[in-house]
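Participant: Compute the structure for the input listed below.
(chains A and B)
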There are 2 protein chains.
Amino acid sequence: MKIRIGIYGYGNLGRGIENAIRQNPDMELVAVFTRREPSSLKIGSEGVAVRHASEVDEYIGKIDVMILCGGSATDLPAQTPELAKKFSVVDSFDTHAKIPEHFANVDAAAREGGNIAMISVGWDPGMFSLNRFYAGVILPDGKDYTFWGKGVSQGHSDAIRRIDGVLDAKQYTIPIESALEAVRSGSEPELTTREKHLRECFVVAEEGADKTRIENEIKQMPNYFADYDTVVHFITAEELKRDHSGIPHGGFVIRTGKTGASLEHNHVIEYSLKLDSNPEFTASVIVAFARAVARMSAEGVKGCKTVFDIPPIYLSPKSSEEIIKSLL
Amino acid sequence: MKIRIGIYGYGNLGRGIENAIRQNPDMELVAVFTRREPSSLKIGSEGVAVRHASEVDEYIGKIDVMILCGGSATDLPAQTPELAKKFSVVDSFDTHAKIPEHFANVDAAAREGGNIAMISVGWDPGMFSLNRFYAGVILPDGKDYTFWGKGVSQGHSDAIRRIDGVLDAKQYTIPIESALEAVRSGSEPELTTREKHLRECFVVAEEGADKTRIENEIKQMPNYFADYDTVVHFITAEELKRDHSGIPHGGFVIRTGKTGASLEHNHVIEYSLKLDSNPEFTASVIVAFARAVARMSAEGVKGCKTVFDIPPIYLSPKSSEEIIKSLL
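Facilitator: Residues are numbered from 1 along each chain as shown, chains lettered A, B, ... in the order given. You can find the predicted model right below:
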């Protein structure tokens, strides 16, 4: 019996989930739920129902894990608790500061419904969190660093697009190599925001727009750019489409720490990702954790869970014997 | 109440465990067990009992987790099952091919004793296994690579020392940078043994020994060196002591894989370690997992476990709330 998956929200992440399910033969996609008119949606899988979000209750008992593919700003804070009353769910809630509040809301709803709800699954939060965690328990006397990129920041690209005279834009976050090297040396440097990441922007301006003003507005934008060294390139719409239509991302989690009778030995633990497609990789992580949710749910586990709660073995379709033999 | 730890075997790993316990304030070292004459052993901790291995039964009920620090060739296959009848234990059994057999023996003994026995904890097997596992469940269409080094291989150093005319030796395993780069490119190269690692040897020869013969014997030694490009340096005993007395190690676990509607996107997941002291880092990993063993044992879990079975949260002395807030 395959694990029956539902997708709630069909943007980049939802399409990534759909593709990832095809790579995991123990899973099947049962239905895609959308707030748009269902007949307007063309999905990539044949024979899969496309239903309006308002019809989701018809699928209670027919879906083992509902994967929520909405945004963290407004969708998930409402959707995850609501749907956790009806289904076991997984979301990728990534507003770090609001995770404890989201956890509490989702936990109450999931317990009420007798379901499991996993939140904040993906790569950051998600695999980066797990790696910060494992490295921290191994090296208690040490320091963590997270670098992001090279990759596209959707939020920063959007912020540029809101500037008067800008038609389109793409922003890359780039980790600064000398900072990475300083961290890897074990010297535990204190790094400013500016020393860790560079921001590179590719901007399509309206004809006749004042490029100097646009560049200054970008570079002085508080929170988004003012604390960084920012490079702005003006390019044509064609160039943007040709050279910058991908959604790559990635980054580095590094912990350095000391051991020994007088803490005389240094160690460096580094985890890094280099991703051609941010949403597809996020989707691949979510689908593996959805397998764990389905299993733990079948065992009667309830409530809100995070990546820290899941015994790794639950993520794999293979038997424990096979994993021990081939991977240990 | 602190977690009460026993150390069984006091070599490099045992000393590493002793130091790591000092870095984890929720743990205390209760006793060190040795097969040597206990009065001959000088340990680094005051007020800790040093007892003969034959007296271990006196500590049943007084130790929460016994950490076994013997070797994988002959010590652990006998000691782990024997002690798992009496204590919850952790070992670092690292003979990959014999792990399934060791697991079966230890599992039966641990269940008989009502204890947990974790086997093969450290970095490989251990953290490298976990990273191969996580990367594999995320990217099912992909390929794994493990590189070791730069680091000292004890087995290869020993093999050189057995050659006639050799007084002492140290062997470094070095990953070949061009192979690492080929792997990171996502091209999924097929790499021969020779293409992945280089072996560099520092040898102290007896006065008047035939160095050409020694070098040839090293380079032609089957299994150990014949399949590799091997570099041999002859140095003095003083140079060996001055420049090569550390036990550094490390390595890389890389998985590349594809996602997308037509598998058009590449991803690279990389985990790497750079360790000043191989036994101290192994010890640090073991001590974190010993915490999980103590907790799961208190909850009534029994039998043989591996790193794949442990929910990460059990490894940390911090509360779930604190971890979610600071690390997720």
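Participant: Next SSE downstream of the longest helix along chain A?
Facilitator: Longest helix in chain A by number of residues, with DSSP state H as the criterion: helix A:278-298. Using DSSP states H and E, the helix or strand that follows helix A:278-298 in sequence is strand A:303-305.
Participant: Pull up the pairing partners for that next one, direction included.
Facilitator: Strand A:303-305 sits in its sheet next to strand A:116-118 (parallel), going by DSSP bridges.
Participant: hmm, who's touching the strand it pairs with?
Facilitator: A:80, A:84, A:88-91, A:106-107, A:109-110, A:289-290, A:292-293, A:296-297, A:301-307, A:310 (Cβ atoms under 8 Å, 6 or more residues apart in numbering or on different chains). Glycine gets a C-beta too; all of them are placed from N, C-alpha and C.
Participant: Which stretches in chain A count as strands?
Facilitator: A:3-8, A:27-34, A:49-52, A:65-68, A:88-90, A:116-118, A:142-148, A:151-152, A:166-175, A:197-205, A:229-234, A:249-259, A:265-275, A:303-305 (DSSP state E).
Participant: okay if I get these as CSV plus mean pLDDT and mean neighbour count?
Facilitator: Shown next, in CSV, are the strands of chain A (pLDDT from 0 to 100; neighbours: other Cβ atoms under 10 Å in any protein chain shown):
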stretch, mean pLDDT, mean neighbour count
strand A:3-8, 98, 24
strand A:27-34, 98, 22
strand A:49-52, 98, 16
strand A:65-68, 98, 29
strand A:88-90, 98, 29
strand A:116-118, 98, 30
strand A:142-148, 97, 20
strand A:151-152, 96, 20
strand A:166-175, 97, 21
strand A:197-205, 97, 21
strand A:229-234, 97, 16
strand A:249-259, 98, 23
strand A:265-275, 98, 23
strand A:303-305, 98, 23
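Participant: buried ones in the longest helix of chain A?
Facilitator: For helix A:278-298, burial by neighbour count (16 or more other Cβ atoms under 10 Å in any protein chain shown) applies to A:278-297.
Participant: swap in stretch A:85-104?
Facilitator: Neighbour-count burial for stretch A:85-104 [16+ other Cβ under 10 Å]: A:85-94, A:96, A:99, A:102-103.
Participant: circling back to that earlier point, and residue B:202, which of the strands of chain A is closest to it?
Facilitator: strand A:265-275 (20.6 Å; Cβ to Cβ).
Participant: Which strands and helices lie in contact with the closest one?
Facilitator: helix A:127-138, strand A:249-259, strand B:265-275, helix B:278-298 (3 or more Cβ pairs under 8 Å, 6 or more residues apart in numbering or on different chains; DSSP states H and E).
Participant: a markdown table for the ones you listed, including distance to residue B:195?
Facilitator: A markdown table is the format used below for these (distance: least, Cβ to Cβ, whole Å):
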| stretch | distance to residue B:195 |
| --- | --- |
| helix A:127-138 | 29 |
| strand A:249-259 | 26 |
| strand B:265-275 | 18 |
| helix B:278-298 | 24 |
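Participant: Nearest approach to residue A:161 belongs to which of these?
Facilitator: strand A:249-259 (18.6 Å).
Participant: on that earlier part again, keep only the buried residues of helix A:278-298 that also lie close to chain B.
Facilitator: A:280, A:281, A:283, A:284, A:285, A:288, A:291 (Cβ under 8 Å from any Cβ of the partner chain).
Participant: Go through those residues and say which is closest to residue A:250.
Facilitator: residue A:281 (8.7 Å).
Participant: Please verify my assumption that the closest one contacts residue A:287.
Facilitator: No. With contact defined as Cβ atoms under 8 Å, residue A:281 does not reach residue A:287; the gap is 10.8 Å.
Participant: Which residues of the stretch 51-200 of chain A lie near chain B?
Facilitator: So the stretch 51-200 of chain A meets chain B at A:96, A:99-100, A:103, A:120, A:125, A:127, A:129-134, A:136-141, A:184 (Cβ under 8 Å from any Cβ).
Participant: how about 10 Å then?
Facilitator: Counting by Cβ under 10 Å from any Cβ of the partner chain, the residues of the stretch 51-200 of chain A close to chain B are A:93-94, A:96-97, A:99-100, A:102-104, A:119-120, A:123-142, A:144, A:184, A:186.
Participant: Which single residue of the stretch 51-200 of chain A ends up nearest chain B?
Facilitator: residue A:137 (4.3 Å; Cβ to the nearest Cβ).
Participant: So for chain A, which residue is the most central one in space?
Facilitator: The centre of chain A sits closest to residue A:122, judged by Cα atoms, centre = their mean, with a distance of 3.9 Å.
Participant: can you pull the contacts of that one?
Facilitator: A:13, A:90-94, A:128-129, A:278-279, A:281-286, A:289, A:307 (Cβ atoms under 10 Å, 6 or more residues apart in numbering or on different chains).
Participant: how close does it get to residue B:138?
Facilitator: Distance of residue A:122 to residue B:138, given as Cβ to Cβ, to the nearest Å: 10 Å.
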